[in-house]
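K.L.:
Attaching a predicted model along with its sequence, questions to come.
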Amino acid sequence: MYCPAAFRQDDLPTLHAQMRSSGLAIVTSSGAQGLQASHLPLLLAPEEGEFGTLYGHFARANPHWRDLASGAEALVVFSGADAYVHPGWYPVKAEHGKVVPTWNYIAVHARGQAEVFDEPERLLQLVSRLSDRHEQGRAQPWAVEDAPRDYIDAMLHAIVGFALPIRRLEGKWKLSQNRSEADQAGVCAGLATSASPRDHELAAQMNPTD
């Protein structure tokens with residue numbers, strides 16, 4: 001990921017928090033079948049390894065897992081808030097007009113080689129943890145145990161799990177840090193007037209104390 005120094009985010013807890021907040025990650029790799037990309041919910045185990053370990057599963061019918069099983073490196077992309085930046089939000093536009101549109105965004109890239117597994121008990125633990133995470137806070141949270149065990153066993157046979165120790169972790173917080181304080185304030189104010197909740201999310205990232 002191209003990442004000028006002004007936008008680089010190296011704080012591990014901040015990177016992990018963004019990874020957890022991204023509901024769906026994009027797992028990519030290149031192998032015998034060419035480029036592959038799968039959209040998957042993942043679990044992060046921050047205590048495992050230098051940068052943490054990611055856990056997830058593919059449908060067994062998805063050929064992507066075979067590339068990971070053969071040792072292909074995976075790139076996992078976690079996308080955060082993003083927003084178009086209107087040039088008129090920069091105060092300097094009125095001074096000299098030398099401004100252009102851009103896009104602000106937050107992204108985390110994780111790389112590593114995965115261990116693929118299909119042991120039923122290990123898969124059961126994985127899908128239980130995934131379900132518990134996303135059912136938190138619901139009035140009547142669903143649990144794997146709510147479904148008949150023979151049905152769950154059949155579902156487990158239809159998936160393949162993986163554990164991906166992160167070997168390299170990159171974060172990019174492109175939040176107008178390369179602009180003057182006045183321009184940054186103008187962008188933040190412009191985003192705050194938008195009707196898009198995602199624009200408001202990005203504005204909050206630019207002004208975390210507000």
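P.N.:
The structure has been received and is ready for your questions. Residues are numbered from 1 along each chain as shown.

K.L.:
Which of the helices or strands spans Tyr84?
P.N.:
strand 73-85 (DSSP states H and E).

K.L.:
Just the buried residues of that strand, please?
P.N.:
For strand 73-85, a neighbour-count test (16 or more other C-beta atoms under 10 Å) marks 73-78, 80-81, 83, 85 as buried. Every C-beta, even on glycine, is put in place using the N, C-alpha and C of the backbone.

K.L.:
Bridging across strands, which residues link to the closest residue to Ser70 other than its chain neighbours?
P.N.:
Of all residues beyond its chain neighbours, the one nearest Ser70 is Gly31 (6.0 Å), with distances taken as C-beta to C-beta, 6 or more residues apart in numbering. Gly31 has these beta-bridge partners by DSSP bridges: Gly34.

K.L.:
From Leu40, how far out is Gly31?
P.N.:
17 Å (C-beta to C-beta, to the nearest Å).

K.L.:
Hmm, Gly56 and Val127 touching each other?
P.N.:
No: using C-beta atoms under 8 Å, Val127 makes no contact with Gly56, being 10.1 Å away.

K.L.:
higher neighbour count, those two?
P.N.:
Using other C-beta atoms under 10 Å, the more surrounded residue of Val127 and Gly56 is Gly56, with 22 against 16.

K.L.:
got a list of what that one touches?
P.N.:
With contact taken as C-beta atoms under 8 Å, 6 or more residues apart in numbering, Gly56 is in contact with 25, 27, 40-43, 126, 130, 161-162, 164.

K.L.:
name the element it belongs to?
P.N.:
Here Gly56 is assigned to strand 53-59, by DSSP H and E.

K.L.:
Okay, now the sheet partners of that strand, with direction.
P.N.:
For strand 53-59, pairing defined by DSSP bridges yields strand 43-45 (antiparallel), strand 159-165 (antiparallel).

K.L.:
Same list (those strands) but as TSV, adding mean neighbour count and distance to Tyr105.
P.N.:
Shown next, in TSV, are the strands paired with strand 53-59 (neighbours: other C-beta atoms under 10 Å; distance: least, C-beta to C-beta, whole Å):
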stretch	mean neighbour count	distance to Tyr105
strand 43-45	17	20
strand 159-165	21	23
